[in-house]
Structure formats: structure tokens, C-alpha cells
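Asker: Predicted model and sequence below, questions to follow.
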Amino acid sequence: MSALDIDITLNTGAKIPAVGFGTVCFDEFKSQFKDALKAALLEGHYRHIDTAWYYGTEALIGEVLQELFESGKLKREDIFVTTKVWPSFWKDPLKSLEKSLHDLRLDYVDLFLQHWPLAFEGDENGLPAVPKDAEGNVKFAKGADYLSTWKKMILIYKNTTKTRAIGVSNYTPKMLTRLLKETDVVPATNQVELHPHLPQVELVKFCKEHKIVVEAFSPLGGNGAPNLKIPLVQQLAKKYNVPAVDIIVNYHAQAGRVVLPRSQNVERIKKGFSEVKLTEKELAELDQFGIDHPKRFINDVWGNDLGFEHWGQ
Ligand SMILES: NC(=O)C1=CN([C@@H]2O[C@H](COP(=O)(O)OP(=O)(O)OC[C@H]3O[C@@H](n4cnc5c(N)ncnc54)[C@H](OP(=O)(O)O)[C@@H]3O)[C@@H](O)[C@H]2O)C=CC1
Ligand SMILES: O=C1O[C@H](CO)[C@@H](O)[C@@H]1O
């Protein structure tokens, strides 16, 4: 059995495959990106793509999807596609979504996320993506409220067919509490950094209580996959006779979370991930590891004032 076959039900009733293909791609790997994605969809049997306007990979994804649809190797309904609106597009999430759909060559996405609870200055095309002043400080949009983007996303969700669900990313429980109080759509997901070094136990509990599916980004700890070296992860990999990456993937999938590993290595992608039945005790031990050894790997400067746990380590 493959972990890639596991589905999770969203609060819309739709199913989201528990494992999604992460599509952040650094420039030096862009030439390999299409081959990696094709391998993921055809040989790795991924059914879920996690992307964003910010990643600059949507046009490449669109080329691959068009080719696979036209050749009959894949149908639109076979895959779940997520995109996100970046803070520099905070005033006009519809324009951002339309740009993403154009590049992805799709009529709709399955999930549209607010990438960060932030608003940056930016022109009508969301540029520059990260505006900075002469001293190099990020230029936040003065007087902007991150919930205004969410409210506009609600209108897109209710009044168009361009997305089947909406959700958020990088929200804390405090921000979600405010969102739930002031608006009438519960986000389908909250995508956050989450792994055995950062189990975010309180956030996970909050989301479960409010039927918000948690999506774990940077599950391997980003470049170099440092989380694969965690002794407990290695120990469990030995016990179950699987690669360490399978322990990380199942840590999330088994707990009802989406997990978004990234790889540009075709051989790794083709292997997929076995389903491993970790015990409740082992899941709790993986959480406890992070409580004892908290570490966040994605420390983008614009998140400095968001009040995240263990920021800036
Ligand atoms: N909402 C948000 O704000 C954010 C969302 N994300 C999403 O999450 C995705 C994943 O997070 P990201 O930070 O990109 O990275 P990951 O945590 O998935 O780590 C990627 C690194 O792990 C390596 N790797 C992958 N598989 C293996 C393996 N089996 N053995 C050894 N090394 C491995 C990759 O190298 P190689 O390519 O050589 O395999 C790469 O260096 C993103 O692509 C994006 O879709 C990420 C950050 C923020
Ligand atoms: O989604 C995202 O990816 C980048 C790089 O990891 C991060 O800044 C952003 O939130």
C-alpha cells in the first residue's frame, strides 16, 4: 500500500490526497522541473500538486498538464491542484488566481490559499513580489488588513467556479480565531511549517477542533532534508525497514494531515512512499521530539512580527 493513495476529507466534502508534490524550485533546477513533475504524476503516482504564483513554476506545470491531458495519460479530475495568493496581490486575489489559472492552463483549482496573513505594497501585477525600501526592509502595505484578502477570497469561492475550496497558510491560532469570528467561511486548510522538529501541537489541536485540515510544508526541513537525520526518525525507519522519508510522510498522513515533500530527483520521486502504520505512541514520540528540540527552518523576514513559535532559530 502506498501513502500516495491516502485521502483526507476537507470541510467542503471534497477529498484531498494526503501527499502533495511541493513545487518550490530554485533557478538552477528549473530545467529539470518538468521531467521531475512528469515522473511524479506518471511514475510516482502523485495525484496532488502544491504550487503558488510566488514559486514561478506555474507555467511549467501548465505545460506538463496540457501535455498529459492531451495525450490522455491524465484527466483533470485525476489530480488535485492548489495555488496561493501572495501578499503583494493582497488587494486583488481574483487577478492572482486568474493569472495562476492562465499559467496552469486550467479552468479551476481545487484549493486556493492565502499564502501569508500579510499585505505588501505592489503594483497591479503583484510586483515586486517582495518590495523593499532603501534600507532593505520589506514594505508592508500601510493600513492593510490581512482579513480583507480572505474576505475577497470568500467572494471568489461563492461567486465563481475558479476554485473548489479556499484556505489559508501561515496562520496562527490567534489569527484563525479572528478569521472565524469575523467571516463566514471556515478555511478548508491551514498550510504551515510542520515536522518532527516543529510539531505545532496547539495549532494542530485548534485546527482539528474547527475542522480545518492542516497541511505540513517543508516536511523534510527544506534544502538538504535535515529532518531525515533525526535519530528517532532513523530508528523508526530501521524498525519498519523503510527509507526515513517514509516515516516523515506517514507521521502526517496517519494523523490526518496533508504533507508536501519536494524533490527534483527523479529516482527518488519514482519510489513514492510506502504506507507505514506508526503506533499512537510513536506518533506522540515524534511530537515530543519537536517539543524538546524545536526548530523552524523557513524564517522569511516578512514573518518576523507574526508571533510564530520558535521563529528565527
Ligand atoms: N505555504 C508556505 O508558505 C510554504 C509552502 N511550501 C510548500 O512545501 C513544499 C516542500 O517544502 P520545501 O521547503 O520546498 O522542502 P522539503 O522540506 O520538502 O525538502 C526538500 C529537500 O529535501 C530533499 N529530499 C527530498 N526527498 C528526499 C529523500 N528521499 N532523501 C533525501 N533528500 C530528499 C530535496 O532534495 P532533492 O530535490 O535532491 O530530492 C530538497 O533538498 C514546497 O515545495 C511548497 O510546495 C514550502 C515553504 C513555505
Ligand atoms: O511558500 C513559500 O516558499 C518559500 C520558500 O520556502 C517561502 O518563502 C514561501 O512561504
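Answerer: Received, thanks. Ligands and ions are numbered 1, 2, ... in the order given.
Asker: so who does the nearest residue to Gln200 once chain neighbours are set aside touch?
Answerer: Spatial nearest neighbour of Gln200, chain neighbours left out: Leu194 (5.2 Å); criterion: Cβ to Cβ, 6 or more residues apart in numbering. The C-beta positions use only the backbone N, C-alpha and C, and glycine is treated the same way. Going by Cβ atoms under 8 Å, 6 or more residues apart in numbering, Leu194 touches 200, 204, 214, 216-217, 219, 252, 257.
Asker: One more: Asn265?
Answerer: Per Cβ under 8 Å, 6+ apart, neighbours of Asn265: Ala36.
Asker: Do you know the pLDDT at it?
Answerer: Asn265 is assigned a predicted lDDT (pLDDT) of 95.
Asker: ok, now Gln313?
Answerer: 66.
Asker: quick one: the strands in the stretch 151-300 of the chain?
Answerer: Using DSSP state E, counting those that start in this stretch, the strands of the stretch 151-300 of the chain run over residues 166-169, 189-193, 213-217, 258-259.
Asker: gap between whatever residue of the chain ends up closest to ligand 2 and Val130?
Answerer: Closest to ligand 2 within the chain is Asp300: 4.4 Å, counting by Cβ to the nearest ligand atom. Counting by Cβ to Cβ, to the nearest Å, the separation of Asp300 from Val130 is 9 Å.
Asker: do Thr51 as well
Answerer: Using Cβ to Cβ, one obtains 18 Å as the distance from Thr51 to Val130.
Asker: just Ser88 next, same as before
Answerer: As for Ser88, its distance to Val130 is 7 Å (criterion: Cβ to Cβ).
Asker: overlap in contacts of these two?
Answerer: Joint contacts of Ser88 and Val130 (Cβ under 8 Å, 6+ apart) are Phe120.
Asker: Settle it for me: which of those two has more neighbours?
Answerer: Ser88 (25 against 16; other Cβ atoms under 10 Å).
Asker: how about the residues of this protein near ligand 1?
Answerer: 22-24, 50, 115, 169-170, 191, 217-225, 228, 243, 245, 260-265, 268, 298 (Cβ under 6 Å from any ligand atom).
Asker: In helices only, show me those.
Answerer: 245, 268 (DSSP state H).
Asker: Can you classify Leu60 by secondary structure?
Answerer: Secondary structure for Leu60, judged by DSSP: H, G, I helix; E, B strand; the rest coil, is helix.
Asker: what residues are up against it?
Answerer: 25, 30, 33-34, 37.
Asker: circling back to that earlier point, can you redo the contacts of Leu194 as CSV with neighbour count?
Answerer: Formatted as CSV, the contacts of Leu194 follow (neighbours: other Cβ atoms under 10 Å):
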residue, neighbour count
Gln200, 25
Val204, 21
Val214, 22
Ala216, 27
Phe217, 22
Pro219, 27
His252, 26
Arg257, 21
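Asker: Let's have those residues in TSV, adding pLDDT.
Answerer: Below are the contacts of Leu194 laid out as TSV (pLDDT from 0 to 100):
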residue	pLDDT
Gln200	96
Val204	98
Val214	98
Ala216	98
Phe217	98
Pro219	98
His252	98
Arg257	98
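Asker: Now for His293, how many residues are close by?
Answerer: His293 has 12 nearby residues by other Cβ under 10 Å.
Asker: How about the one 5 residues further on?
Answerer: Using other Cβ under 10 Å, the number of residues around Ile298 comes to 16.
Asker: roughly how far apart are it and Glu193?
Answerer: 5 Å.
Asker: Specify the local secondary structure of Lys82.
Answerer: If you look again at residue 82, you'll see it is Thr, not Lys. strand.
Asker: From what I see, it and Phe112 are in contact.
Answerer: Yes - assessed by Cβ atoms under 8 Å, Thr82 is found in contact with Phe112 at 7.5 Å.
Asker: where does Val85 fall, phi/psi-wise?
Answerer: phi -100, psi 130 (degrees, to the nearest 10).
Asker: And for the residue in the stretch 51-200 of the chain positioned nearest to ligand 1, the neighbour number?
Answerer: Closest to ligand 1 within the stretch 51-200 of the chain is Ser169: 4.0 Å, counting by Cβ to the nearest ligand atom. Neighbourhood size, Ser169 [other Cβ under 10 Å]: 21.
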